[in-house]
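A.B. asks: predicted coordinates and the sequence they were generated for:
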Amino acid sequence: MVLLMEKHDSGETWKNISEASGLPDGIWGISGIAVAYNDNQILYALIENEKGGLFRSNDGGKTWKKQNDHRSLRQRAWYYTRIYTDTKDDNIVYVLNVDYHKSVDAGVTFKDFETPHGDHHDLWINPDHPTTMIIGDDGGAQVTTDGGETWSTYHNQPTAQFYRITIDNHFPFRIYAAQQDNSTIRISHRSFGNAITEEDWEETAGGESAHIAVDPLT
């Protein structure tokens with residue numbers, strides 16, 4: 001069941017949009033919802049289902065039309081399924097996945113784009129200047145000021161995706177972490193310079209997303 005809340009002068013109501021006309025029958029998995037920035041009657045739904053895909057409603061969720069069901073938009077739904085609308089043009093839609101995908105025709109067609117790193121999970125769009133965006137992926141975060149044509153490097157700020165951390169008995173102690181899609185690193189918890197920088201990061205045991213066990217005598 002997917003519930004959508006509506007606010008009225010008399011209060012709030014909820015409706016089950018999974019039973020609305022035009023949406024797939026059967027069991028749903030992960031679903032992503034985006035409300036258009038300038039017209040809250042326009043909704044987009046990215047639905048994991050045997051007959052799923054990207055759907056659009058122009059009447060606040062009463063009826064829906066499938067726009068696109070390409071696998072590149074909905075593969076590994078448990079890991080992605082994120083959709084966003086532009087803050088100036090309600091027909092511009094972004095779907096994040098291994099690549100990120102941009103549509104300028106309300107999701108009917110998409111063009112694939114890449115950032116300096118793959119596996120995209122979050123997107124911030126500047127409300128006043130939507131060509132400025134920040135994207136979060138398995139390599140950290142990058143910034144664009146030209147609508148996604150070019151992106152900053154993820155090497156200019158210490159961002160990474162850690163699942164687990166541990167420390168050792170060294171003095172000063174060191175922090176260990178396995179990076180998603182990158183190396184396992186060791187970082188001194190303090191620097192003898194002005195700040196902790198990438199120079200204080202070094203590779204250690206390999207393997208992403210792993211537990212790290214440190215020898216207590218070293």
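C.D. replies: Right, received. Where do you want to start?

A.B. asks: what about the nearest residue to residue 51 once chain neighbours are set aside, neighbour count?
C.D. replies: Nearest non-adjacent residue to residue 51, counting by CB to CB, 6 or more residues apart in numbering: residue 24, 4.3 Å away. Using the backbone N, CA and C atoms, a C-beta is placed for each residue, glycine as well. The number of residues packed around residue 24, counting by other CB atoms under 10 Å, is 18.

A.B. asks: check contacts around residue 24.
C.D. replies: 47, 49, 50, 51, 52 (CB atoms under 8 Å, 6 or more residues apart in numbering).

A.B. asks: so what's the backbone phi/psi at it?
C.D. replies: Backbone dihedrals for residue 24, given as degrees, to the nearest 10, come out at phi -70, psi 150.

A.B. asks: again with residue 72
C.D. replies: Torsion angles, degrees, to the nearest 10, at residue 72: phi -70, psi -20.

A.B. asks: do you know how far it is from residue 164?
C.D. replies: Going from residue 72 to residue 164 by CB to CB, to the nearest Å gives 30 Å.

A.B. asks: next one: residue 21
C.D. replies: 46 Å.

A.B. asks: what count of nearby residues applies to the closest residue to residue 58 other than its chain neighbours?
C.D. replies: Closest residue to residue 58 in three dimensions, ignoring its sequence neighbours and counting by CB to CB, 6+ apart: residue 42, at 5.8 Å. By the criterion of other CB under 10 Å, residue 42 has 19 neighbours.

A.B. asks: cool, residue 173 as well?
C.D. replies: Count around residue 173 with other CB under 10 Å applied: 11.

A.B. asks: check contacts around it.
C.D. replies: Counting by CB under 8 Å, 6+ apart, residue 173 has contacts 167, 189.

A.B. asks: right, and the residue nearest to residue 58 touches residue 61 too?
C.D. replies: No: assessed by CB atoms under 8 Å, residue 42 is found out of contact with residue 61, at 10.0 Å.

A.B. asks: send me stretch 197-204 as PDB with only the CA atoms.
C.D. replies: C-alpha atoms of stretch 197-204 as PDB (Å, rounded to 0.1, in the frame of the first residue of the first chain):
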ATOM      1  CA  THR A 197      43.700  16.300   4.600                       C
ATOM      2  CA  GLU A 198      43.800  13.500   2.000                       C
ATOM      3  CA  GLU A 199      47.500  13.300   2.700                       C
ATOM      4  CA  ASP A 200      46.500  11.800   6.100                       C
ATOM      5  CA  TRP A 201      44.500   9.000   4.400                       C
ATOM      6  CA  GLU A 202      46.300   5.800   3.400                       C
ATOM      7  CA  GLU A 203      45.200   2.500   1.900                       C
ATOM      8  CA  THR A 204      45.200  -0.500   4.200                       C
END
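
A.B. asks: circling back to that earlier point, most neighbours of all the contacts of residue 24, which one?
C.D. replies: For the contacts of residue 24, neighbours tallied by other CB under 10 Å; top is residue 47, 25 neighbours.

A.B. asks: now that residue. Its backbone dihedrals?
C.D. replies: phi -120, psi 130.

A.B. asks: ok, it - contacts?
C.D. replies: Here residue 47 is in contact with 23, 24, 28, 29, 31, 53, 54, 55, 74 (CB under 8 Å, 6+ apart).

A.B. asks: with that, I have no additional questions.
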